[in-house]
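> Sharing a sequence plus its predicted fold:
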Amino acid sequence: MPTDSPVKMTHRQVLEALTGLLLGMFVSMIATTVVSTSMPVIVHDLGGDQAAYTWVITATLLTTAISTPIWGKLADLFNRKLLIQIAIVIFVGATAAAGFAQDTNTLIAFRAIQGIGGGGLAALSQVIMADIISPRERGRYMGLFGAVMAVATVGGPLLGGWITDVANWRWNFFVALPFAVAALIILQKTLHISTERTRRVSIDYLGIVLLSAAVSLILIWITNAGSTFDWWGTETALMVGGAIVAAIAFVIVELKVREPLIPLTLFRGRTFTLSVLASISIGVAMFGTSVYLAQYMQLSRGATPTEAGLMTLPMMAGLLISSMVIGQLVTRFGKWKGYLVLGSVLLIAGSVMLSTLHYDTNFVLVSIYMFVMGAGVGMTMQNLVLIVQNVAKPSEMGVASSGVTFFRSLGGTIGVSVMGAVLANSLTGLFSDGKERLGAAIAKLGEKGAEVAAQLSSGTLPEVRLLPEPVRSIVEDFYAQAISHAFLIGIPLAVISLVAILFLPNRPLTTMTTTERAQADAAKKSTVEDAADVAIADAAAVSGATTGSVAAVGRSGDGRTDAASDAGR
C-alpha cells in the first residue's frame, strides 16, 4: 500500500519539465504558421484552385481532429513522454516531406499526415501540463506559453513570408527540423513524469474507423457540394446518409467497448458538455479567421506574403496579451467564469466586425477588428480546457482534455470547409454577375487583356497584386465581398458559445496536479481498504471472543451439573 504523500514539484523542477514541452509546442506552431502567409503562393505555383486551397488547410485540421481523441486515449494507457516524442517525429517528418510536393494532391496527403502528429502535440501537451501544474497555478506559467506563442505566431508568418519573397516557399517546410531534434533531446533529459499504468491496454480500432468515416464524409460533402455536384442530389444523399450511419454506429460502439475512444459518460457532466459546445465555435474563430484573413490580405489588399504576416499581427497581439493577462488573473484570484463570458462576447463582436470587411476598409479599423477577435480567442481557448481538467478524474484526464481539443479542432475543420464553400460559391456568383464590368476593364488593357483574362479564367488562385488596374481593384473587391460573406458563419456559432459558457458551473479551481490527485486518491482508497480490513478483523475477534465465552459457560455448567449429580449419588 502506498504510504508516501504526493511530493509537490518545486518551481525550478516545473520549469525544467516544461522546457522540452514548450519546445515541442513551438515546433508544432512554427511549422504551421511559417507557411500560413505563403499558402496562396504555394497553391498558385502548384496549379491549385480555391477548393485545393481549402483542402490543403482542411486535410491537416481533419486528421488533427480525428487523431486528437486517439492520442488522448493512448495517453491514459501508455507512456506519455514517449507518445509526445513520437508525435513530434510524425509531425516534422510529414512537414519536411510536404516541401517536396509537386502538385496539390501530394501536398494535401503530406499535410494530412502532418495533422496526425499535430493532434498528438495538441492533446499530449495539455495532458502533460495537467500532470505537472495544477489548474490554479497554470496562469503562473502562462507567460512562458505566451512567449512561445508570440515567437511562433508572430515570427512564423514573417519568416515564411520573407523566405517566400527572397528564396523559395519550399524552404518553409524545413524550418522546424533543427527545433524538432532539439525538442526530442531536451524532452528526454528534462521531462520526468509517472509512467505507471495499471489498466490493461485496449484500443478502440472500430471507433477510430467510424469516427474517421463520419467526419471525412461530412467534410467532403461540404467542400464539394455546389461546385462538383449539386447540394441536393444523389451524392449528397450518399455522403450525408453515410456520415449519419457512421456517427450512430460510433455512438453504439462507444457504449459497448471496454476502453471507448470518447467515453460518452463524460457527457453526463455539465462542465464537459458545455465546454465542448463552446469549443466548437472557438475552433471556427481560431482556424477559420486565421486562414481567410491571410487570403484577405493578399487577394483583397494586394499584400505580399511578408506584408500579410505583418498585417495580421493585431490578431496575434490580441490573442497573446489576453491569454497572458487572464492567466495571471485566474491564478491570483481563482476566478475564471467572468473572463470566459467576456471572451465569448468579444468573439461575437469580432465576428460581426470582420463580416463588414471591404477591399478598401481603413486598415486601422481592420486592425481593431482583428485585435478584438484575437482577444476573444485568447480568453476562451485554454480556459475551456482548464475547467474540464479541473473536474476530470485523473484516470480520464487524457480523454477529457483531448475531448475538448477534439471538438475545437472539429469545429475549426468544419468551419474552414463551410467558410471555404461559402467563399467559393460567392466568388462564382460575383464573377458571374460582374462579368460585364470585368470584361470592360480587361478590354481597356489592349493586347495584355488576353493574358489577364486567361489567368482569371484558369481556375487557379490569381496573384492579385500583379494584376493591372482597373482589373486589380475589381478582383480585390470580389474577393473581399466573398471573404466577408464567409465570416458571417462565425456569428451564430459565437452566440451559441456565449450561451454555453453562461450555463457552465462556476466551480473553484483545485491546487493539485493530476499526479497529486491520483496519488491522493490511491492513498485514500488504500486507507479505506485498510480501515475495512481492520473492521473485519475486529469483527472477527469480537465474534470469536463471544463464541469462546459461550463455550466456556457451557462447559462450566456441565461441570457443575456433573458434580451435583455425583453428590446426589
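Okay, I see it. What you see is a predicted model; the values in this text were computed from it and never measured.
> where do the helices sit along the stretch 101-250 of the chain?
With DSSP state H, counting those that start in this stretch as the criterion, the stretch 101-250 of the chain has helices at 104-132, 142-166, 177-190, 205-224, 234-256.
> Highest mean neighbour count out of those?
Among the helices of the stretch 101-250 of the chain, helix 104-132 has the highest mean neighbour count (mean count of other CB atoms under 10 Å), at a mean of 24. (Glycine included, C-beta is placed from N, CA and C.)
> Residue 466 - how many residues pack around it?
10 (other CB atoms under 10 Å).
> mind checking how far it is from residue 304?
Shown here: residue 466 relative to residue 304, a distance of 10 Å by CB to CB, to the nearest Å.
> Residue 206 and residue 253 touch, don't they?
Yes. Contact criterion CB atoms under 8 Å: residue 206 and residue 253 qualify, at 5.3 Å.
> Work out which residue lies at the spatial centre of this structure.
residue 405 (3.8 Å; CA atoms, centre = their mean).
> tell me which residues in the host helix or strand of that residue are buried?
Residue 405 is located in helix 397-433, with elements delineated by DSSP states H and E. By neighbour count with 16 or more other CB atoms under 10 Å, helix 397-433 contains the buried residues 397-427, 430-431.
> got the CA coordinates for the helix or strand just after that helix in PDB?
Downstream of helix 397-433, the next assigned helix or strand under DSSP H and E is helix 435-443. Output in PDB follows, covering the C-alpha atoms of helix 435-443 (Å, rounded to 0.1, in the frame of the first residue of the first chain):
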ATOM      1  CA  LYS A 435     -18.600  39.800 -65.900                       C
ATOM      2  CA  GLU A 436     -19.600  42.900 -67.900                       C
ATOM      3  CA  ARG A 437     -17.800  45.200 -65.600                       C
ATOM      4  CA  LEU A 438     -14.700  43.000 -65.500                       C
ATOM      5  CA  GLY A 439     -14.800  42.500 -69.300                       C
ATOM      6  CA  ALA A 440     -14.900  46.200 -69.900                       C
ATOM      7  CA  ALA A 441     -11.900  46.700 -67.600                       C
ATOM      8  CA  ILE A 442     -10.000  43.900 -69.400                       C
ATOM      9  CA  ALA A 443     -10.800  45.400 -72.800                       C
END
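> Tell me which other helices or strands helix 435-443 touches.
helix 448-456, helix 471-487 (3 or more CB pairs under 8 Å, 6 or more residues apart in numbering; DSSP states H and E).
> So what does residue 49 look like in phi/psi?
The phi/psi pair for residue 49 (degrees, to the nearest 10) reads phi -110, psi -170.
> Distance of it relative to residue 56?
Counting by CB to CB - residue 49 and residue 56 are separated by 11 Å.
> can you check residue 360 too?
Taking CB to CB as the measure, residue 360 falls 28 Å from residue 56.
> These two - which one has more neighbours?
Taking other CB under 10 Å, residue 360 and residue 56 do not tie; residue 56 has more neighbours (23 against 12).
> Do I have it right that that one meets residue 108?
Yes. If you go by CB under 8 Å, residue 56 and residue 108 touch, sitting 5.7 Å apart.
> For the residue lying closest to residue 386 once chain neighbours are set aside, grab the count of nearby residues.
Leaving aside its chain neighbours, residue 386 sits nearest to residue 135 (5.4 Å; criterion: CB to CB, 6 or more residues apart in numbering). Applying other CB under 10 Å, we find 27 other residues in the vicinity of residue 135.
> Report the contact partners of residue 135.
By CB atoms under 8 Å, 6 or more residues apart in numbering, the contact list for residue 135 reads 386, 387, 389, 390, 509, 510, 511.
> If any of these are buried, give me the PyMOL selection for them.
To isolate the buried members of those in PyMOL, using 16+ other CB under 10 Å:
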select buried, resi 386+387+389+390+509+510
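> mind listing which of the contacts of residue 135 are in helices?
386, 387, 389, 390 (DSSP state H).
> Of these, just say which sits nearest to residue 73.
Nearest to residue 73 among the ones in helices among the contacts of residue 135: residue 389, at 15.9 Å, using CB to CB.
> which one is the closest one nearest to, not counting chain neighbours?
residue 130 (4.8 Å).
> Would you confirm that that neighbour contacts residue 396?
No. Between residue 130 and residue 396 there is no contact under CB under 8 Å: 11.3 Å.
> any low-confidence regions in the stretch 351-500 of the chain?
Applying pLDDT under 70 to the stretch 351-500 of the chain flags residues 458-461.
> Repeat that for the stretch 101-250 of the chain.
Using pLDDT under 70, the flagged stretches of the stretch 101-250 of the chain are 138-140, 142-143, 146-147, 149-150, 153-154, 194-201, 226-227.
> From the structure, what's the count of residues near the closest residue to residue 224 other than its chain neighbours?
Nearest residue to residue 224 in three dimensions, chain neighbours excluded: residue 51, at 7.3 Å (CB to CB, 6+ apart). Neighbour count of residue 51, defined by other CB under 10 Å: 18.
> element containing residue 51?
Using DSSP H and E, residue 51 falls in helix 50-77.
> Just give me how far that helix sits from the chain centre.
Distance, stretch centre to chain centre, for helix 50-77: 9 Å (CA atoms, centre = their mean, to the nearest Å).
> Likewise for stretch 167-182?
23 Å.
> Let's see the distance spanning it from one end to the other.
Counting by CA to CA, to the nearest Å, you get 25 Å between the two ends of stretch 167-182.
> Residues contacting it, please?
23, 26-27, 30-31, 34-35, 38, 41-42, 45, 88-89, 91-92, 95-96, 98-100, 159-160, 163-164.
> Buried subset of these, written for PyMOL?
Buried residues within those, by 16+ other CB under 10 Å, are selected in PyMOL with:
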select buried, resi 23+26+27+30+31+34+35+38+41+42+45+88+91+92+95+96+98+99+159+160+163+164
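> Show me how the protein divides into domains.
11-193+259-510, 511-541 (automatic domain parsing).
> Next, work out how far apart the residue nearest to the centre of the chain and residue 22 are.
17 Å.
> How about residue 174?
Counting by CB to CB, the gap from residue 174 to residue 22 is 21 Å.
> more crowded one of those two?
Between residue 174 and residue 22, residue 22 has the larger neighbour count (other CB under 10 Å), namely 20 against 17.
> In contact with the more buried one, which residues?
Contacts of residue 22 (CB under 8 Å, 6+ apart): 144, 145, 148.
> Rebuild the residues you listed as a markdown table, extending it with distance to residue 516.
Formatted as a markdown table, those follow (distance: CB to CB, whole Å):
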| residue | distance to residue 516 |
| --- | --- |
| 144 | 21 |
| 145 | 21 |
| 148 | 25 |
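> Out of the residues you listed, which is nearest to residue 326?
For the contacts of residue 22, the nearest to residue 326 is residue 145 (12.2 Å; CB to CB).
> residues contacting the closest one?
Contacts of residue 145 by CB under 8 Å, 6+ apart are 22, 25, 323, 327, 382.
> residues near the fourth one, how many?
Okay, so that is residue 327. 24.
> give me the element it is part of.
For residue 327, the element it lies in under DSSP H and E is helix 313-333.
> how about the helices and strands packed on helix 435-443 in JSON lines, adding distance to residue 152 and mean neighbour count?
Shown next, in JSON lines, are these (distance: least, CB to CB, whole Å; neighbours: other CB atoms under 10 Å):
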{"stretch": "helix 448-456", "distance to residue 152": "34", "mean neighbour count": "14"}
{"stretch": "helix 471-487", "distance to residue 152": "24", "mean neighbour count": "22"}
